[in-house]
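[1] Give me a 3D structure for the following:
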Amino acid sequence: MAEKQAFNPGVSLAGAVDLEALKHQVKAEPGQAGGAPAAGGYVIDTTENTFQAMVQTSATFPILLFLWVPTDDRLFPMARTLGDAVNKLNGQIQLSRIDIASNPSIAQAFQIQGAPALFALIGGRPMPILQGLPSDEELQQITDVVVPKLITAAQQAGVTGAAPYSGDPDSDAANFASASSVQDQVPPEHQEAYMLAQQGDYAGAAAAYEKVLEADPNDARAARERAKALLLARSGDADVRVVRAAAADKPDDVDAQLAVADVDMIGGQIQDAFDRLLDFVAAGHKADIEPVRKRLLEYFTIPDPTDERLKRARRRLATLMY
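    Predicted structure coming up:
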(Lines give C-alpha, C1' and ligand atoms only; values in the text may rest on other atoms or scores of the structure.)
Protein backbone atom coordinates (compact mmCIF):
# COMPACT_ATOMS: atom_id res chain seq x y z
CA MET A 1 0.00 0.00 0.00
CA ALA A 2 1.13 3.56 -0.57
CA GLU A 3 3.15 5.25 2.13
CA LYS A 4 1.32 8.06 3.89
CA GLN A 5 2.37 10.90 6.12
CA ALA A 6 3.15 9.35 9.49
CA PHE A 7 2.25 11.00 12.76
CA ASN A 8 5.05 11.61 15.22
CA PRO A 9 4.73 11.19 18.98
CA GLY A 10 4.98 14.29 21.18
CA VAL A 11 8.74 14.17 20.74
CA SER A 12 9.65 12.75 17.36
CA LEU A 13 12.43 10.26 16.72
CA ALA A 14 14.47 13.16 15.42
CA GLY A 15 13.95 15.00 18.70
CA ALA A 16 11.66 17.81 17.43
CA VAL A 17 8.52 18.70 19.39
CA ASP A 18 5.29 17.93 17.50
CA LEU A 19 2.71 20.35 18.88
CA GLU A 20 -0.16 18.74 16.96
CA ALA A 21 0.62 15.36 18.52
CA LEU A 22 0.71 16.92 21.97
CA LYS A 23 -2.92 18.00 21.50
CA HIS A 24 -3.90 14.36 21.06
CA GLN A 25 -2.00 12.91 24.00
CA VAL A 26 -4.01 11.16 26.69
CA LYS A 27 -2.86 10.18 30.16
CA ALA A 28 -5.09 7.15 30.61
CA GLU A 29 -3.39 3.76 30.39
CA PRO A 30 -4.50 1.27 27.72
CA GLY A 31 -7.70 -0.39 28.87
CA GLN A 32 -8.69 2.50 31.12
CA ALA A 33 -11.54 4.91 30.35
CA GLY A 34 -10.40 7.33 27.68
CA GLY A 35 -7.29 5.29 26.93
CA ALA A 36 -6.17 3.02 24.12
CA PRO A 37 -7.64 -0.49 23.79
CA ALA A 38 -5.92 -3.01 26.04
CA ALA A 39 -3.83 -5.90 24.84
CA GLY A 40 -5.26 -9.38 25.31
CA GLY A 41 -6.65 -12.28 23.35
CA TYR A 42 -4.23 -12.58 20.44
CA VAL A 43 -2.93 -9.03 20.88
CA ILE A 44 0.34 -8.46 22.78
CA ASP A 45 2.51 -5.47 23.64
CA THR A 46 6.18 -5.89 22.76
CA THR A 47 9.16 -3.97 24.15
CA GLU A 48 12.86 -3.87 23.37
CA ASN A 49 13.35 -6.56 26.03
CA THR A 50 10.85 -8.96 24.47
CA PHE A 51 11.31 -8.04 20.81
CA GLN A 52 13.78 -10.80 19.93
CA ALA A 53 11.64 -13.49 21.53
CA MET A 54 8.62 -12.18 19.60
CA VAL A 55 10.57 -12.33 16.32
CA GLN A 56 11.53 -15.92 17.07
CA THR A 57 7.91 -16.96 17.59
CA SER A 58 7.16 -15.82 14.02
CA ALA A 59 8.74 -19.12 12.98
CA THR A 60 5.69 -20.76 14.59
CA PHE A 61 2.84 -18.38 13.68
CA PRO A 62 2.57 -15.17 11.60
CA ILE A 63 2.64 -11.81 13.33
CA LEU A 64 1.22 -8.42 12.41
CA LEU A 65 3.48 -5.66 13.80
CA PHE A 66 1.74 -2.40 14.73
CA LEU A 67 4.20 0.39 15.52
CA TRP A 68 2.27 3.10 17.31
CA VAL A 69 2.11 5.53 20.24
CA PRO A 70 -0.48 4.32 22.79
CA THR A 71 -1.01 7.83 24.20
CA ASP A 72 -2.02 9.33 20.82
CA ASP A 73 -5.81 9.14 20.52
CA ARG A 74 -5.64 9.47 16.73
CA LEU A 75 -4.34 5.89 16.62
CA PHE A 76 -6.95 4.32 18.91
CA PRO A 77 -9.50 3.44 16.18
CA MET A 78 -6.81 1.74 14.09
CA ALA A 79 -5.54 -0.20 17.12
CA ARG A 80 -9.08 -1.29 17.97
CA THR A 81 -9.91 -2.34 14.40
CA LEU A 82 -6.71 -4.35 14.02
CA GLY A 83 -7.15 -5.98 17.43
CA ASP A 84 -10.76 -6.94 16.75
CA ALA A 85 -9.86 -8.38 13.34
CA VAL A 86 -6.97 -10.45 14.72
CA ASN A 87 -8.94 -11.74 17.70
CA LYS A 88 -11.69 -13.01 15.39
CA LEU A 89 -9.13 -15.27 13.68
CA ASN A 90 -8.59 -17.40 16.79
CA GLY A 91 -4.80 -17.59 16.77
CA GLN A 92 -4.14 -17.83 13.05
CA ILE A 93 -2.14 -14.60 13.43
CA GLN A 94 -0.96 -12.46 16.33
CA LEU A 95 -0.95 -8.65 16.62
CA SER A 96 2.19 -7.32 18.29
CA ARG A 97 1.96 -3.66 19.28
CA ILE A 98 5.17 -1.68 19.76
CA ASP A 99 5.25 1.74 21.41
CA ILE A 100 7.89 3.58 19.35
CA ALA A 101 8.11 6.45 21.86
CA SER A 102 9.21 4.04 24.61
CA ASN A 103 11.13 1.72 22.26
CA PRO A 104 12.85 4.00 19.73
CA SER A 105 15.52 1.46 18.76
CA ILE A 106 12.81 -0.77 17.23
CA ALA A 107 11.47 2.14 15.19
CA GLN A 108 15.00 2.87 14.01
CA ALA A 109 15.52 -0.76 13.07
CA PHE A 110 12.44 -0.57 10.86
CA GLN A 111 13.59 2.80 9.49
CA ILE A 112 10.33 4.57 10.23
CA GLN A 113 10.07 8.23 11.21
CA GLY A 114 6.84 8.11 13.16
CA ALA A 115 3.62 6.27 13.89
CA PRO A 116 1.65 4.41 12.75
CA ALA A 117 3.41 1.78 10.69
CA LEU A 118 2.36 -1.77 9.93
CA PHE A 119 4.55 -4.76 9.05
CA ALA A 120 4.04 -8.50 8.69
CA LEU A 121 6.51 -10.93 10.23
CA ILE A 122 6.75 -14.51 8.96
CA GLY A 123 9.67 -16.75 9.83
CA GLY A 124 11.61 -13.78 11.16
CA ARG A 125 11.24 -11.92 7.89
CA PRO A 126 9.57 -8.46 8.04
CA MET A 127 7.39 -7.21 5.18
CA PRO A 128 6.15 -3.60 5.09
CA ILE A 129 2.41 -3.10 4.71
CA LEU A 130 1.72 0.56 5.45
CA GLN A 131 3.17 3.69 7.02
CA GLY A 132 0.88 6.51 8.00
CA LEU A 133 -2.75 6.63 9.06
CA PRO A 134 -4.95 4.70 6.59
CA SER A 135 -8.38 5.73 5.41
CA ASP A 136 -11.34 3.63 6.54
CA GLU A 137 -11.34 1.89 3.15
CA GLU A 138 -7.63 1.12 3.33
CA LEU A 139 -7.93 -0.22 6.86
CA GLN A 140 -10.79 -2.47 5.76
CA GLN A 141 -8.63 -3.73 2.89
CA ILE A 142 -5.90 -4.60 5.40
CA THR A 143 -8.24 -6.54 7.68
CA ASP A 144 -10.33 -8.19 4.94
CA VAL A 145 -7.72 -8.85 2.23
CA VAL A 146 -4.14 -8.36 3.40
CA VAL A 147 -4.34 -10.27 6.69
CA PRO A 148 -5.93 -13.42 5.14
CA LYS A 149 -3.23 -13.34 2.44
CA LEU A 150 -0.55 -13.17 5.12
CA ILE A 151 -2.02 -16.22 6.85
CA THR A 152 -2.03 -18.11 3.55
CA ALA A 153 1.56 -17.08 2.81
CA ALA A 154 2.62 -18.25 6.27
CA GLN A 155 0.96 -21.63 5.79
CA GLN A 156 2.70 -22.05 2.45
CA ALA A 157 6.00 -21.31 4.22
CA GLY A 158 5.34 -24.00 6.82
CA VAL A 159 4.44 -21.49 9.55
CA THR A 160 1.27 -23.25 10.63
CA GLY A 161 1.20 -22.97 14.43
CA ALA A 162 -1.39 -21.11 16.49
CA ALA A 163 -0.67 -17.97 18.48
CA PRO A 164 -1.23 -18.29 22.25
CA TYR A 165 -4.37 -16.81 23.79
CA SER A 166 -3.75 -14.40 26.65
CA GLY A 167 -7.18 -13.62 28.02
CA ASP A 168 -10.09 -11.27 27.41
CA PRO A 169 -8.75 -7.94 26.08
CA ASP A 170 -11.65 -6.13 27.76
CA SER A 171 -10.94 -7.55 31.22
CA ASP A 172 -8.65 -6.12 33.89
CA ALA A 173 -6.67 -9.37 33.82
CA ALA A 174 -5.54 -8.65 30.28
CA ASN A 175 -3.02 -6.15 31.58
CA PHE A 176 -1.40 -8.88 33.65
CA ALA A 177 -1.06 -11.48 30.89
CA SER A 178 2.37 -13.09 31.05
CA ALA A 179 4.38 -16.05 29.84
CA SER A 180 2.35 -18.31 32.13
CA SER A 181 -0.74 -17.74 29.96
CA VAL A 182 1.28 -18.77 26.92
CA GLN A 183 2.43 -21.90 28.70
CA ASP A 184 -1.17 -22.90 29.31
CA GLN A 185 -1.54 -23.47 25.56
CA VAL A 186 1.46 -25.84 25.43
CA PRO A 187 1.11 -29.56 26.22
CA PRO A 188 2.60 -30.32 29.66
CA GLU A 189 5.25 -32.61 28.21
CA HIS A 190 6.38 -29.75 25.92
CA GLN A 191 6.68 -27.10 28.63
CA GLU A 192 10.43 -27.40 29.24
CA ALA A 193 11.29 -27.37 25.55
CA TYR A 194 8.93 -24.50 24.84
CA MET A 195 10.40 -22.30 27.58
CA LEU A 196 13.95 -23.02 26.43
CA ALA A 197 13.00 -21.92 22.92
CA GLN A 198 11.37 -18.75 24.29
CA GLN A 199 14.63 -17.98 26.11
CA GLY A 200 16.61 -18.39 22.90
CA ASP A 201 18.26 -21.68 23.93
CA TYR A 202 17.40 -23.51 20.72
CA ALA A 203 19.95 -26.28 21.20
CA GLY A 204 18.50 -26.97 24.64
CA ALA A 205 14.97 -26.84 23.24
CA ALA A 206 15.86 -29.33 20.51
CA ALA A 207 17.30 -31.71 23.10
CA ALA A 208 14.18 -31.37 25.24
CA TYR A 209 11.90 -32.05 22.27
CA GLU A 210 14.05 -35.11 21.50
CA LYS A 211 13.17 -36.47 24.94
CA VAL A 212 9.48 -35.90 24.19
CA LEU A 213 9.87 -37.85 20.95
CA GLU A 214 11.61 -40.70 22.75
CA ALA A 215 8.52 -41.06 24.91
CA ASP A 216 6.12 -40.61 21.97
CA PRO A 217 7.69 -41.00 18.51
CA ASN A 218 4.34 -40.07 16.91
CA ASP A 219 4.18 -36.60 18.49
CA ALA A 220 4.08 -34.55 15.27
CA ARG A 221 4.09 -31.24 17.11
CA ALA A 222 7.27 -32.16 18.98
CA ALA A 223 8.92 -33.28 15.73
CA ARG A 224 8.01 -30.02 14.03
CA GLU A 225 9.18 -27.82 16.91
CA ARG A 226 12.39 -29.85 17.29
CA ALA A 227 13.16 -29.28 13.61
CA LYS A 228 12.57 -25.54 13.98
CA ALA A 229 14.75 -25.41 17.10
CA LEU A 230 17.59 -27.26 15.34
CA LEU A 231 17.25 -24.92 12.38
CA LEU A 232 17.47 -21.80 14.54
CA ALA A 233 20.30 -23.23 16.66
CA ARG A 234 22.38 -23.82 13.54
CA SER A 235 21.56 -20.80 11.46
CA GLY A 236 19.33 -18.35 13.33
CA ASP A 237 22.16 -15.83 13.64
CA ALA A 238 23.76 -16.50 10.26
CA ASP A 239 24.76 -13.62 8.00
CA VAL A 240 22.61 -14.37 4.97
CA ARG A 241 24.93 -12.62 2.51
CA VAL A 242 27.98 -14.50 3.76
CA VAL A 243 26.17 -17.84 3.65
CA ARG A 244 24.86 -17.27 0.13
CA ALA A 245 28.29 -16.11 -1.10
CA ALA A 246 29.93 -19.23 0.36
CA ALA A 247 27.38 -21.48 -1.37
CA ALA A 248 28.00 -19.74 -4.68
CA ASP A 249 31.78 -19.98 -4.26
CA LYS A 250 31.67 -23.66 -3.23
CA PRO A 251 29.00 -25.34 -5.35
CA ASP A 252 30.45 -28.80 -4.59
CA ASP A 253 30.64 -28.31 -0.81
CA VAL A 254 27.76 -30.07 0.91
CA ASP A 255 28.13 -28.07 4.13
CA ALA A 256 27.87 -24.80 2.22
CA GLN A 257 24.72 -26.02 0.46
CA LEU A 258 23.18 -27.24 3.72
CA ALA A 259 23.87 -23.86 5.31
CA VAL A 260 22.20 -21.90 2.53
CA ALA A 261 19.25 -24.30 2.56
CA ASP A 262 18.84 -23.46 6.26
CA VAL A 263 18.74 -19.78 5.36
CA ASP A 264 16.06 -20.51 2.76
CA MET A 265 13.95 -22.39 5.30
CA ILE A 266 14.22 -19.65 7.92
CA GLY A 267 13.16 -17.13 5.27
CA GLY A 268 10.12 -19.23 4.39
CA GLN A 269 11.51 -20.25 0.99
CA ILE A 270 10.70 -23.91 1.43
CA GLN A 271 10.66 -24.85 -2.24
CA ASP A 272 14.07 -23.24 -2.76
CA ALA A 273 15.51 -25.19 0.19
CA PHE A 274 14.12 -28.50 -1.08
CA ASP A 275 15.23 -27.91 -4.66
CA ARG A 276 18.69 -26.72 -3.68
CA LEU A 277 19.55 -29.90 -1.82
CA LEU A 278 17.85 -32.25 -4.25
CA ASP A 279 19.50 -30.54 -7.23
CA PHE A 280 22.85 -30.77 -5.45
CA VAL A 281 22.55 -34.56 -5.15
CA ALA A 282 21.26 -34.90 -8.71
CA ALA A 283 24.25 -32.92 -10.03
CA GLY A 284 26.71 -35.71 -9.29
CA HIS A 285 26.99 -35.56 -5.51
CA LYS A 286 25.39 -38.88 -4.54
CA ALA A 287 28.29 -39.48 -2.16
CA ASP A 288 26.74 -36.73 -0.02
CA ILE A 289 23.25 -38.23 -0.05
CA GLU A 290 23.25 -39.15 3.66
CA PRO A 291 23.73 -35.66 5.18
CA VAL A 292 21.30 -34.26 2.60
CA ARG A 293 18.74 -36.96 3.39
CA LYS A 294 18.98 -36.30 7.12
CA ARG A 295 18.57 -32.57 6.67
CA LEU A 296 15.61 -32.98 4.32
CA LEU A 297 13.86 -35.40 6.68
CA GLU A 298 14.21 -32.71 9.34
CA TYR A 299 12.78 -30.07 6.99
CA PHE A 300 9.93 -32.38 5.99
CA THR A 301 8.44 -32.20 9.50
CA ILE A 302 7.92 -28.42 9.26
CA PRO A 303 5.30 -27.87 6.48
CA ASP A 304 1.75 -29.14 6.67
CA PRO A 305 1.74 -32.87 5.77
CA THR A 306 -0.66 -32.17 2.87
CA ASP A 307 1.66 -29.58 1.29
CA GLU A 308 2.20 -30.54 -2.37
CA ARG A 309 5.79 -29.29 -2.24
CA LEU A 310 6.49 -31.78 0.50
CA LYS A 311 4.95 -34.65 -1.45
CA ARG A 312 7.03 -33.82 -4.55
CA ALA A 313 10.24 -33.49 -2.57
CA ARG A 314 9.68 -36.84 -0.85
CA ARG A 315 9.14 -38.58 -4.17
CA ARG A 316 12.22 -36.98 -5.70
CA LEU A 317 14.39 -37.89 -2.71
CA ALA A 318 13.24 -41.49 -2.91
CA THR A 319 14.12 -41.56 -6.63
CA LEU A 320 17.60 -40.14 -6.00
CA MET A 321 18.33 -42.66 -3.30
CA TYR A 322 17.73 -45.73 -5.47
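[2] how near is the residue nearest to Asp272 when sequence neighbours are not counted to Leu277?
    When the adjacent residues along the chain are set aside, Asp272 lies closest to Asp264, with 4.4 Å between them (CB to CB, 6 or more residues apart in numbering). All C-beta atoms are positioned from the backbone trio N, CA, C, and that covers glycine. When distances are taken as CB to CB, to the nearest Å, Asp264 and Leu277 turn out to be 9 Å apart.
[3] now swap in Leu67 and tell me
    If you measure Leu67 against Leu277 using CB to CB, the figure is 37 Å.
[4] Using the three-state scheme, assign the nearest residue to Leu310 once chain neighbours are set aside.
    Setting aside the residues directly before and after it, Leu310 is nearest to Pro303 in space (CB to CB, 6+ apart), at 5.0 Å. On the three-state scheme (DSSP: H, G, I helix; E, B strand; the rest coil), Pro303 is labelled coil.
[5] My read is that Pro303 contacts Arg312, right?
    No: between Pro303 and Arg312 there is no contact, the gap being 11.4 Å when judged by CB atoms under 8 Å.
[6] Comparing the two, which shows the higher neighbour count?
    Relative neighbour count places Pro303 above the other of Pro303 and Arg312, with 24 against 14, counting by other CB atoms under 10 Å.
[7] Now do the more buried one, the pLDDT please.
    As summarised for this prediction, Pro303 has a pLDDT of 85.
[8] Kindly report the same for the one 3 residues further on.
    We have a pLDDT of 86 for Thr306.
[9] Could I get the contacting residues of the nearest residue in space to Ala215 that is not next to it in sequence?
    Excluding its sequence neighbours, the residue lying closest to Ala215 (CB to CB, 6+ apart) is Glu189, at 7.1 Å. For Glu189, the residues meeting the contact criterion (CB atoms under 8 Å, 6 or more residues apart in numbering) are 212, 215-216, 219, 222.
[10] I'd like to know how far the residue nearest to Asp272 sits from Ser105.
    Computed as CB to CB, the Asp264 to Ser105 distance reads 29 Å.
[11] between these two, who's got more neighbours?
    Of the pair Asp264 and Ser105, Asp264 is the one with more neighbours under other CB under 10 Å, namely 22 against 9.
[12] which residues does that one contact?
    Asp264 makes contacts with 270, 272-273, 276, as judged by CB under 8 Å, 6+ apart.
[13] And for Thr152, the neighbour number?
    Applying other CB under 10 Å, we find 12 residues neighbouring Thr152.
[14] Which neighbouring elements make contact with the helix or strand harbouring it?
    Element membership for Thr152, per DSSP states H and E: helix 147-156. The contact analysis (3 or more CB pairs under 8 Å, 6 or more residues apart in numbering; DSSP states H and E) places helix 147-156 against strand 117-122.
[15] Give me the residues contacting the strand it packs on.
    6, 55, 58, 62-67, 82, 96, 107, 110, 126-132, 142, 150, 153-154, 157, 159, 268.
[16] among these, which are in helices?
    Among the contacts of strand 117-122, the subset assigned to helices under DSSP state H consists of 55, 82, 107, 150, 153-154.
[17] I'd like to know how far the residue lying closest to Ala220 once chain neighbours are set aside sits from Tyr194.
    Here the nearest residue to Ala220 in space, its sequence neighbours aside, is Thr301; by CB to CB, 6+ apart that works out to 7.4 Å. Applying CB to CB, the value for Thr301 to Tyr194 is 17 Å.
[18] Which one's more surrounded, the two?
    Neighbour tally, Thr301 and Tyr194, criterion other CB under 10 Å: the higher count belongs to Tyr194, 22 against 18.
[19] per-residue confidence at that one?
    The per-residue pLDDT of Tyr194 was computed as 86.
[20] Which element, helix or strand, includes it?
    For Tyr194, the host element (DSSP H and E) is helix 191-198.
[21] Off-centre distance for that helix?
    Between the centre of helix 191-198 and the centre of its chain there are 17 Å (CA atoms, centre = their mean, to the nearest Å).
[22] Buried residues, that helix. List them.
    192-198 (16 or more other CB atoms under 10 Å).
[23] Over to stretch 296-314?
    Going by neighbour count (16+ other CB under 10 Å), the buried part of stretch 296-314 is 296, 298-303, 307, 309-310, 313.
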